[in-house]
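# give me a 3D structure for the following:
(one chain, ligands or ions: 2)
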Amino acid sequence: MKPNKSISKMTFFFAAVGLLWLKTYLTYIYEFNLDIQNSMQEFLLFFNPLSSALVFLGIALFAKGKRAGIWIIVIDFLMSFLLYANVVYYRSAADYITLPTLTQTANFGSLGGSIASLVAWHDLFYAADIILLIALFIWSRTSWSDSRLKLRKPVLVLAAGIMAFAVNLQLATDDRPELLTRTFDRNYIVKYLGSYNFAIYDAIQTAQSSRQRVFADSSDITVVENYTTAKYAKPNPNLFGVAKGKNIIKIHLESFQSFLIDYKLHGEEVTPFLNSLVHNQRKNFTYYDNFFHQTAQGKTADAELILDNSLYPLPQGAAFVTKGQNTYQALPAILKQNQNYTSAVFHGDNKTFWNRDEIYKQFGIDNYFHAKYYDMNKDNVINYGLKDKPFFKQSMSMLKSLEKPFYAHMMTLTHHHPYKISDKEASIKPANTGDPSVDRYFQTARYLDESLRQFFSDLKEAGLYKDSVIMIYGDHYGISENHNKAMKQITGEKITDFKHTQLQRVPFMIKVPGVEGKGTVHEYSSQIDVMPTLLHLVGIKANKYIQFGTDMFSKDHKDFVAFQDGDVVTPEYTFASGEFYDNDTGKKLEPTEEMKEMKKKAHHELKLSNKVLYGDLLRFYEPTEKWQPVDASEYSYIKEEDTSQEDE
Ligand code: GP9
Ligand code: MN
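Ligands and ions are numbered 1, 2, ... in the order given. Model (predicted):
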């Protein structure tokens with residue numbers, strides 16, 4: 001074999017790699033809105049197509065003789081087709097194609113207009129490199145040898161591709177820890193790892209999901225139903241139905257832990273407005289100071305899942321993403337079917353984050369006001385998205401436009417790690433533990449508190465305050481175990497395993513029109529209890545639905561709190577990291593049989609809840625005769641302007 005001949009085959013290969021790389025990169029820049037935030041992300045966006053091009057096109061180099069050229073062209077065509085299909089889908093849905101969306105033909109109904117309107121003449125660009133390659137192939141193939149390349153070459157190419165991928169993944173996870181395990185956002189995977197790797201990632205996730213689903217059957221849900229029926233707590237007869245037909249405004253406090261309530265920093269209250277609600281200065285709020293979050297890796301998404309479904313989150317990943325196509329019987333759908341409520345979520349972030357734009361459809365959420373609905377100009381945005389003050393201000397007109405009664409979920413964002421805030425907007429000095437995120441945590445909490453004060457006064461002005469149920473909750477911790485040293489200074493105590501579990505308290509407060517607030521209640525409760533509580537307030541019996549929590553106002557309320565990591569908290573003792581502790585002293589305890597039983601029961605409950613999600617068991621469950629399974633294809637969160645040509 002003459003060397004110059006094999007070189008030309010390799011040259012052809014590298015030309016294909018170079019062209020595909022360039023094409024993919026240009027597509028990222030001109031077609032997708034990937035929200036690049038730093039130079040590392042910029043670099044990875046440029047770098048990430050390389051490994052896919054080397055690995056996939058490299059496979060062609062194993063083919064014999066001229067066939068290698070044909071394989072290169074075919075693989076290049078398939079990859080380009082995938083890229084272009086994503087482009088077309090993105091133009092309509094501002095999202096990437098996933099296998100579940102592909103198999104759900106209904107989803108393509110949301111393409112909004114025909115595919116024809118989404119393609120343009122300049123799309124020929126996507127075929128240009130292939131045409132060039134075909135020409136190059138025809139022109140040069142005669143000089144190619146009929147033998148196979150020396151194995152060393154394709155192996156080296158694949159090794160280089162894998163190396164490039166490893167470097168890419170390492171840099172990506174340095175910039176965004178837990179990128180793959182926590183399953184945040186499709187946009188992130190595409191931005192960091194590229195659209196081809198996203199397709200592989202999606203395929204693996206879909207395969208895992210469907211495997212668990214296939215082995216489940218309707219008898220599995222009966223076991224769950226027996227359990228939840230036995231756990232059910234009857235409503236408090238004085239409160240059942242008192243809020244029937246009332247608007248419900250649910251306010252999500254990002255990363256807000258209960259230790260902030262009444263906390264004084266530099267002699268000042270950090271959250272004076274929330275404190276005033278806690279101390280019932282308006283005689284209408286009830287505050288739960290022993291309320292716990294139960295979120296796991298899905299963080300905010302887990303909180304949303306738990307509150308609207310009374311199910312536990314999954315031990316790994318976010319059910320919002322991995323179980324985004326499951327059947328749900330969520331609070332918005334129940335409120336709608338029973339009492340004709342309109343539901344809406346307000347959140348100043350991209351709609352794809354946590355797969356919200358898919359799973360909200362399964363929850364039956366009518367309106368989703370995401371970043372596209374807000375003025376996201378530079379001054380209004382920090383960290384993940386819209387700042388809380390402009391968020392609440394701009395939400396008012398949309399809130400007022402909702403048909404009544406409504407169930408509105410307002411999700412704040414500024415008080416989010418790493419707690420960035422401009423000097424101008426910080427109205428309290430940082431703490432001085434020397435740990436920057438802990439120190440700023442108080443400043444963004446203050447900002448959130450101020451935004452709430454403003455929102456409450458706007459609600460009053462709009463006539464929406466007095467007659468609405470208003471519920472406020474913290475989604476999850478803001479200060480992780482990595483900051484135990486600084487937290488010791490803040491709380492004045494060493495953060496032991498016991499103390500850590502105790503710190504998972506988040507605020508829960510509620511105002512119900514016509515019901516006098518009780519100030520602070522010490523009952524133990526948690527996020528799974530919110531849904532049955534709300535259902536009973538509006539007069540819908542919670543036992544018809546599969547729910548693991550119990551009504552907080554019921555005298556039969558079950559006051560143990562289970563966490564997905566296996567910890568359990570009761571009013572008397574805590575099971576944390578494998579040990580029992582006395583709540584009063586914080587000292588280790590020798591567990592009684594009863595305590596061991598309690599722990600077992602909590603773990604059993606978690607297992608059952610996981611089964612519901614893994615097996616997609618609610619598809620077998622009919623809560624009432626009248627129940628209409630939610631049809632995701634009836635919902636769309638694409639803002640009208642999204643689909644129109646921008647230069648029209
Ligand atoms: C993103 C926001 C933050 O939209 O909800 O999510 P988190 O990081 O807290 O899960
Ligand atoms: Mn959150």
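# look up phi and psi at K499.
Main-chain dihedrals, K499, degrees, to the nearest 10: phi -60, psi -40.
# surely it meets G586?
Yes - using C-beta atoms under 8 Å, K499 is in contact with G586, at 6.8 Å. C-beta here means a position set from N, CA and C on the backbone, and glycine is covered the same way.
# these two: which is more packed in?
K499 (18 against 14; other C-beta atoms under 10 Å).
# hmm, V381 is touching K389, no?
No - using C-beta under 8 Å, V381 is not in contact with K389, being 11.8 Å away.
# I'd like the distance between the closest residue to A371 other than its chain neighbours and N377.
Nearest non-adjacent residue to A371, counting by C-beta to C-beta, 6 or more residues apart in numbering: N350, 5.1 Å away. N350 is 16 Å from N377, where distance means C-beta to C-beta, to the nearest Å.
# which one of these two has more residues nearby?
More crowded of N350 and N377, by other C-beta under 10 Å: N350, with 23 against 9.
# from F363, how far off is N355?
Distance, N355 to F363, using C-beta to C-beta: 12 Å.
# correction: Y407
11 Å.
# mutual contacts of the two, please.
Residues touching both Y407 and F363 (C-beta atoms under 8 Å, 6 or more residues apart in numbering): L331, P332, S343.
# am I right that the first one is in contact with V345?
So that's L331. No - with contacts counted by C-beta under 8 Å, L331 stays clear of V345, the gap being 11.7 Å.
# look at the two and report which has more neighbours.
Between L331 and V345, counted using other C-beta under 10 Å, L331 has the larger neighbour count: 30 against 25.
# can you tell me the closest non-neighbouring residue to that one?
Ranked by C-beta to C-beta, 6+ apart and with sequence neighbours excluded, the top spatial neighbour of L331 is D308, at 4.5 Å.
# that neighbour falls within a strand, correct?
No - D308: not assigned to a strand; according to DSSP: H, G, I helix; E, B strand; the rest coil it is helix.
# that one: how many residues sit nearby?
A count of neighbours around D308, defined by other C-beta under 10 Å, yields 27.
# can you pull the contacts of it?
Shown in contact with D308 (C-beta under 8 Å, 6+ apart): A330, L331, P332, F363, M531.
# from what I can see Y192 touches Q41, true?
Yes - assessed by C-beta under 8 Å, Y192 is found in contact with Q41 at 7.2 Å.
# who touches both of the two?
Residues within reach of Y192 and of Q41 at once, by C-beta under 8 Å, 6+ apart, are D175.
# and these two? which has more neighbours close in?
Using other C-beta under 10 Å, the more surrounded residue of Y192 and Q41 is Y192, with 25 against 19.
# list the contacts for that one?
Here Y192 is in contact with Q41, L44, N48, N168, A172, D175, R176, L179 (C-beta under 8 Å, 6+ apart).
# check the secondary structure at G566 for me.
Classified using three-state DSSP, G566 is coil.
# give me the neighbour count for it.
By other C-beta under 10 Å, the residues close to G566 number 15.
# verify the stated contact: T295 with P313.
Yes - between T295 and P313 there is a contact under C-beta under 8 Å: 5.8 Å.
# quick check: closest non-adjacent residue to the residue of the stretch 251-400 of the chain found nearest ligand 1.
Minimum separation of the stretch 251-400 of the chain from ligand 1 (C-beta to the nearest ligand atom) falls at K299, amounting to 2.9 Å. If the residues on either side of it in the chain are set aside, K299 comes closest to H476, at 5.5 Å by C-beta to C-beta, 6+ apart.
# show me what the helix or strand containing E597 is in contact with.
Here E597, judged by DSSP states H and E, is contained in helix 593-614. With C-beta under 8 Å, 6+ apart as the contact definition, helix 593-614 has outside contacts at 212-213, 216, 220-221, 223-224, 227, 231, 311-312, 314-315, 319, 323, 326, 546, 548, 560, 562, 564, 566, 568, 570, 573, 575, 580, 589, 591, 617-618.
# closest residue of the stretch 501-648 of the chain to ligand 1?
Nearest residue of the stretch 501-648 of the chain to ligand 1, counting by C-beta to the nearest ligand atom: V506, 12.2 Å away.
# enumerate every residue touching the closest residue to that residue other than its chain neighbours.
Once flanking residues are discounted, V506 sits nearest to G474: 2.8 Å by C-beta to C-beta, 6+ apart. By C-beta under 8 Å, 6+ apart, the contact list for G474 reads L253, S255, F256, Q257, S258, H293, V506, P507, F508.
# just the buried members of these?
Among the contacts of G474, those scoring as buried are L253, S255, F256, Q257, S258, H293, V506, P507, F508 (criterion: 16 or more other C-beta atoms under 10 Å).
# can you list these in CSV and add pLDDT, distance to ligand 2 and secondary structure?
Shown next, in CSV, are the buried ones among the contacts of G474 (pLDDT from 0 to 100; distance: C-beta to the ion, whole Å; DSSP: H, G, I helix; E, B strand; the rest coil):
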residue, pLDDT, distance to ligand 2, secondary structure
L253, 98, 9, strand
S255, 97, 6, coil
F256, 98, 9, coil
Q257, 98, 12, coil
S258, 98, 15, helix
H293, 98, 10, coil
V506, 98, 10, coil
P507, 98, 14, coil
F508, 98, 15, strand
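# any idea which helix or strand in the protein has the lowest mean pLDDT?
Of all helical and strand segments in the chain, the minimum by mean pLDDT, DSSP states H and E falls on helix 105-109, at a mean of 45.
# which other helices and strands does the helix or strand where L45 lies contact?
Using DSSP H and E, L45 maps to helix 39-59. Helix 39-59 is packed against helix 3-31, helix 67-93, helix 152-175, helix 186-193, helix 195-214, with contacts defined by 3 or more C-beta pairs under 8 Å, 6 or more residues apart in numbering; DSSP states H and E.
# and of these, who's closest to ligand 1?
helix 186-193 (11.0 Å).
# quick one: buried residues of that closest one?
Within helix 186-193, the residues scored as buried using 16+ other C-beta under 10 Å are R186, N187, Y188, I189, V190, K191, Y192, L193.
# then stretch 425-443?
Neighbour-count burial for stretch 425-443, counted by 16+ other C-beta under 10 Å, picks out I428, P430, A431, T433, D435, S437, V438, D439, R440, Y441, F442, Q443.
# surely the fifth one and N482 touch.
If I follow you right, that is D435. No - if you go by C-beta under 8 Å, D435 and N482 don't touch, sitting 9.1 Å apart.
# count the residues that sit near the one residue in the stretch 251-400 of the chain that gets nearest to ligand 2.
Closest approach between the stretch 251-400 of the chain and ligand 2, counting by C-beta to the ion: T300, at 3.2 Å. The number of residues packed near T300 is 25, by other C-beta under 10 Å.
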